[in-house]
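Colleague: okay, sequence plus prediction incoming.
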Amino acid sequence: MNRNLWLLILSQIFGFTAANVTVFLSGIIGSEISPIKALATFPPSIYVVGIAISTVFAAKVMSVIGRRLGFVLASIGSSLASLLSAYAILNNNFIIFSLSCFFLGTGMAFIHQYRFAAAESVEKQKAPKAVSMLLLAGIVSAFIGISLANFTKNLVSDHVYVGSYLALACFTIMPAIILSFYKNTNVQNDEINLNKEVRSYKEFFLDPKFLQAMFSATFGYVVMAFLMTATPISMHFIHNISVDKVGIVIQFHVLGMFLPSLITGNLINKYGPSNIMYAGTFFYLLTIIMSFFEPNFINYLISLILLGIGWNFLYISGTSLLVTTYQDHEKFKAQGFNDLVVFSATAIGSLSAGVLISITSWKVLNLMCIPFLVLILFSIIRADMKKSIK
């Protein structure tokens with residue numbers, strides 16, 4: 001542990017509340033203020049679009065001004081976006097609310113770079129544990145974020161959820177304060193590496209190891225976001241399960257996403273990223289199987305916990321493998337490219353979730369995820385075969 005890693009972990013607790021509150025509330029708020037009910041999941045989906053569009057931008061900005069200033073400015077932007085959300089809800093303005101979700105996604109593109117900053121703050125062999133510890137902070141973030149959103153939702157009388165976003169504005173400004181003490185790493189190396197040749201995107205994509213890392217994170221995230229985006233709508237509006245129970249399911253889903261981080265780093269070091277990716281794919285298969293049972297609160301709870309565990313194994317192992325596939329002078333381009341693919345695909349999955357859940361069913365949505373599992377398995381087997389040939 002070092003100062004940078006501690007600062008990132010603490011910032012993750014506050015900054016990641018934007019993701020949890022957006023997932024929990026934006027679909028419900030969208031359903032209430034949207035002029036077209038089919039657009040109910042547009043706000044959480046445009047949030048993911050904001051992440052996707054801003055990933056390369058975030059990497060580029062930090063390659064120029066450094067991680068510290070980039071993180072601080074993103075924190076301020078997220079806080080302002082939260083205030084814009086509160087204003088939109090106050091005025092029942094669906095367009096402005098969607099725009100605020102997009103800006104929250106832009107801020108989250110920077111927060112997703114925390115994991116790379118954490119990996120860079122330690123030796124490469126310790127990167128899996130550093131990333132795991134960072135993501136473990138998401139547990140605290142999930143519970144305080146969603147609990148605070150529930151606790152403050154009636155803070156402004158006659159305007160439910162305005163208070164939730166006012167509270168979020170206070171939380172998302174905290175990383176700006178905390179990370180002002182962050183120390184940029186590899187500053188001298190970055191200056192030396194400016195003139196070194198960087199591989200093209202095509203060359204990155206043709207690297208089996210890079211492709212395995214990217215596919216694991218990409219399709220692991222797509223499946224998770226696809227099902228998680230549809231969950232509040234499916235539970236609350238289709239199966240008439242209360243908002244409070246929806247909140248519990250989302251909280252335990254996020255617990256499933258981050259609690260395994262206690263051991264994921266050690267498991268990757270012991271068994272290798274490929275085996276942990278296989279395990280993550282298996283948990284996703286269990287999630288799909290759960291959809292064949294009655295769609296009640298308990299089954300949603302179990303399904304979303306399994307979904308979270310699968311995401312954890314795939315995302316951390318993918319990130320841990322990714323940092324071994326490029327040279328130091330290629331890091332911002334490789335990281336930006338990886339996150340562009342991850343969150344562009346995730347945005348498509350998230351955008352389609354609202355429409356598909358309204359015309360199909362929870363079981364069909366789960367079955368649609370099977371091809372993504374096949375792609376993950378294909379990339380793992382292909383990379384491992386290339387490695388064994390060498």
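Modeller: Happy to help now that I have it.
Colleague: quick check: what element follows the longest helix belonging to the chain along the chain?
Modeller: The helix that spans the most residues within the chain, counting by DSSP state H, is helix 331-359. Per DSSP states H and E, the first helix or strand lying C-terminal to helix 331-359 is helix 362-367.
Colleague: what residues does that next one touch?
Modeller: 226-227, 230, 234, 238, 287-288, 290-292, 295, 353, 356-357 (CB atoms under 8 Å, 6 or more residues apart in numbering). From N, CA and C alone the C-beta is placed, and that goes for glycine too.
Colleague: next SSE after that helix?
Modeller: Next along the chain from helix 362-367, counting by DSSP H and E, comes helix 370-389.
Colleague: mind giving me the packing neighbours of that following helix?
Modeller: The contact analysis (3 or more CB pairs under 8 Å, 6 or more residues apart in numbering; DSSP states H and E) places helix 370-389 against helix 208-232, helix 273-290.
Colleague: who touches that helix?
Modeller: With contacts defined as CB under 8 Å, 6+ apart, helix 370-389 is touched by 208-209, 211-212, 215-216, 219-220, 222-223, 274, 277-278, 280-281, 284-285, 288, 314.
Colleague: compute the inter-axis angle for it and helix 273-290.
Modeller: Inter-element angle recorded for helix 370-389 and helix 273-290: 160 degrees (by axes from the mean of the first three to the mean of the last three CA atoms, to 10 degrees).
Colleague: next one: helix 370-389 to chain centre, how far?
Modeller: Helix 370-389 sits 23 Å away from the centroid of its parent chain (CA atoms, centre = their mean, to the nearest Å).
Colleague: now stretch 173-186
Modeller: Distance, centroid of stretch 173-186 to centroid of chain: 21 Å (CA atoms, centre = their mean).
Colleague: pLDDT of it, averaged?
Modeller: Computed over stretch 173-186, the mean pLDDT rounds to 91.
Colleague: quick one: buried residues of that stretch?
Modeller: Residues 173-176, 178-179, 182, 184-185 are the ones in stretch 173-186 that count as buried (16 or more other CB atoms under 10 Å).
Colleague: over to stretch 26-45?
Modeller: So for stretch 26-45, counting by 16+ other CB under 10 Å, buried means 26-31, 33-34, 39-45.
Colleague: emit the ChimeraX select command for whichever of the contacts of helix 370-389 are buried.
Modeller: The buried residues among the contacts of helix 370-389 can be selected in ChimeraX (16+ other CB under 10 Å) with this line:
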select :208,209,211,212,215,216,219,220,222,223,274,277,278,280,281,284,288,314
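Colleague: next, count neighbours for residue 333.
Modeller: Residues near residue 333, counting by other CB atoms under 10 Å, number 19.
Colleague: for residue 318, that is, sorry about that
Modeller: Per other CB under 10 Å, the neighbour tally for residue 318 reads 28.
Colleague: repeat for the one 3 residues further on
Modeller: Other residues near residue 321 number 25, with proximity taken as other CB under 10 Å.
Colleague: out of the buried residues of stretch 26-45, the closest to residue 128 would be?
Modeller: residue 44 (29.4 Å; CB to CB).
Colleague: what's the residue nearest to residue 71 when sequence neighbours are not counted in contact with, if anything?
Modeller: Leaving aside its chain neighbours, residue 71 sits nearest to residue 179 (4.6 Å; criterion: CB to CB, 6 or more residues apart in numbering). Taking CB under 8 Å, 6+ apart as the contact definition, residue 179 lies against 7-8, 11, 68, 71-72, 75.
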